[in-house]
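Undergrad: I would like the atomic coordinates for the input below:
(chains A and B)
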Amino acid sequence: GAGVSQSPRYKVAKRGQDVALRCDPISGHVSLFWYQQALGQGPEFLTYFQNEAQLDKSGLPSDRFFAERPEGSVSTLKIQRTQQEDSAVYLCASSTTDTLSEQYFGPGTRLTVT
Amino acid sequence: QKEVEQNSGPLSVPEGAIASLNCTYSDRGSQSFFWYRQYSGKSPELIMFIYSNGDKEDGRFTAQLNKASQYVSLLIRDSQPSDSATYLCARRYGNKLVFGAGTILRVKS
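TA: So this is what the prediction gives:
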């Protein structure tokens, strides 16, 4: 079956613009995660959903970042009033409930804020 | 202080050799560890996970967890040029994974 998909793959935004990044998890995967990866670093946790419930958003760096998963499948990560420090690759991962920690990553969205 | 530490490398090994990648951690919390491989410009790919002390083997890969010394290792036998990538060590904390910065591995043919 299909893996995790993300769109767009690349996004260039001018500083101050809002952006929306989409994630389609593996079919049947209950858990969904967003990570941010800066160049030369490992992924950093942003937020976690179980079905439609956002159970952990402790990694969101500011109130400009917002994530939702209204129907428990597709998720959107929204960044308002983008800043240059938001430039990174945004990775989405999913897992089944009973193997919570075996997370499978999508290809990522590379965001560049100019 | 980051909970998971890795040497950034690069680690260079000749083709056919054993590559040894290490990861250390600083507290005695979660003992669930994961190794991901990440090719340049690509997303992390799960290679192995290990939850218990000792060794776990899968093909050319062996993960080792030493709780007493607080380190976890990944051994790659018969290294191939296609193994050249960044290897990320991750530790589970509750619902999330905490990653190290990764070790760059270069296998020279």
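
Undergrad: Would you mind listing what in chain B touches chain A?
TA: Selection of chain B residues close to chain A by C-beta under 8 Å from any C-beta of the partner chain yields B:4, B:8, B:32, B:34, B:36, B:42-46, B:49, B:88, B:90, B:92, B:94-102. C-beta here means a position set from N, CA and C on the backbone, and glycine is covered the same way.

Undergrad: Quick check, the residue in chain A closest to chain B?
TA: Closest to chain B within chain A is A:Gly42: 3.0 Å, counting by C-beta to the nearest C-beta.

Undergrad: tell me the pLDDT at the nearest residue to that residue once chain neighbours are set aside?
TA: Sequence neighbours aside, B:Phe99 is the residue nearest to A:Gly42 in space, at 3.0 Å (criterion: C-beta to C-beta, 6 or more residues apart in numbering or on different chains). Looking at B:Phe99, its pLDDT is 95.

Undergrad: do A:Thr97 as well
TA: A:Thr97 carries a pLDDT value of 74.

Undergrad: Also the one 10 residues further on?
TA: We note a pLDDT of 96 for A:Pro107 in this prediction.

Undergrad: where does the residue nearest to B:Ser32 when sequence neighbours are not counted fall, phi/psi-wise?
TA: Closest residue to B:Ser32 apart from its sequence neighbours, by C-beta to C-beta, 6+ apart: B:Arg92 at 3.9 Å. Main-chain dihedrals, B:Arg92, degrees, to the nearest 10: phi -80, psi 130.

Undergrad: try B:Ser82
TA: Dihedral pair for B:Ser82: phi -70, psi -10, per degrees, to the nearest 10.

Undergrad: any idea how far it lies from chain A?
TA: 19 Å (C-beta to the nearest C-beta, to the nearest Å).

Undergrad: Would you check how far apart B:Tyr71 and chain A are?
TA: Using C-beta to the nearest C-beta, B:Tyr71 is found at 17 Å from chain A.

Undergrad: what's that residue in contact with, if anything?
TA: By C-beta atoms under 8 Å, 6 or more residues apart in numbering or on different chains, the contact list for B:Tyr71 reads B:22-25.
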